[in-house]
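> A predicted structure for the sequence below; I have some questions about it.
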Amino acid sequence: MSLRIVVCVKYVPDATGDRHFAEDLTVDRDDVDGLLSELDEYAVEQALQIADEADDAEITVLTVGPEDAKDALRKALSMGADKAVHVEDDDLHGTDALGTSLVLAKAVEKTGYDLVICGMASTDGTMGVLPALLAERLGVPQVTLLSEVSVEDGVVKGRRDGDTASEQLEASLPAVVSVTDQSGEARYPSFKGIMAAKKKPVTSWDLEDLEIEADEVGLEGAWTAVDGATERPARTAGTIVKDEGEGGKQLAAFLAERKFV
């Protein structure tokens, strides 16, 4: 039986762009270019490596987002994934991590899966809680923040590296895992892969397809909210200490005045 791998990916604002909030205090995704989250590229790469080692495997990439989010799916397909699922609905605007986990869980169940792979966090929200929330909703084990991952005989195994030690973890399939940016560099799509991605199937679902009510997601259904936001103040010129024989004393006085020493 084919190993069914679902990779959850996110279309995020480019970190090098001018990111800011919209009037409703959600991330403004219209005024900045978007792309596949770099941290999710590691999840796609690990899915591809697992599939290479399996006798038979199929990789589905899944995203929740606006029309432009298809660009993230095409990037993952060009890397080598087999097919994609895009969940898009106007009522999803403002959905928080809890709501997103509900949508992803419904979509994963509808797709069918043995293993779900996520990145360690998104590069816009950077919360890192989604894999755990998703595993809870699916009712399956979670093995998170892995630097190394493999699947053998219905078991997913991996290594989690900490500050002082590394852990070897495993869980029976079906399961949810997340991988870190230390799990291995993601491959660049080849020209052949880019051309092939154009012919790979992308299925579109909305909330009705997933049997989710509008008030369960979006700003109305969010469990968290941004109360306010202000722009970070511009960086000042700072203080220049000219060393004319007393530079050390001036520096010490400067640090002491600001209670750094």
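Alright, I've got the coordinates. Residues are numbered from 1 along each chain as shown.

> can you give me the helices for the stretch 101-250 of the chain?
Taking DSSP state H, counting those that start in this stretch, the helices of the stretch 101-250 of the chain run over residues 130-138, 191-197, 218-221, 247-257.

> do you know which of the ones you listed lies nearest residue 46?
helix 130-138 (13.1 Å; CB to CB). In this view, the C-beta of every residue, glycine as well, is placed from N, C-alpha and C.

> What residues of the closest one count as buried?
Residues of helix 130-138 classed as buried by neighbour count (16 or more other CB atoms under 10 Å): 130-135, 137-138.

> what sits up against it?
Applying CB atoms under 8 Å, 6 or more residues apart in numbering, the set of residues contacting helix 130-138 from outside is 8, 97-98, 100-102, 104-105, 108-109, 116, 118, 122, 141-142, 144, 174-178.

> just the buried members of those residues?
Listed as buried from the contacts of helix 130-138 are 8, 97-98, 100-102, 104-105, 108, 116, 118, 122, 141-142, 144, 174-178; burial here means 16+ other CB under 10 Å.

> Filter those residues down to the ones in strands?
When the buried ones among the contacts of helix 130-138 are checked against strands (DSSP state E), the matches are 8, 116, 118, 142, 144, 175-178.

> Residue 220 is in contact with residue 214, correct?
Yes. Assessed by CB atoms under 8 Å, residue 214 is found in contact with residue 220 at 7.4 Å.

> Now list whatever residues contact both of the two.
Counting by CB under 8 Å, 6+ apart, no residue touches both residue 214 and residue 220.

> for residue 149, which residues make a bridge with it?
Taking DSSP bridges as the rule, residue 149 bridges to residue 158.

> and the ones in strands among the buried ones among the contacts of helix 130-138 as TSV, adding pLDDT?
Converted to TSV, those look like this (pLDDT from 0 to 100):
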residue	pLDDT
8	97
116	98
118	97
142	96
144	95
175	97
176	98
177	97
178	96
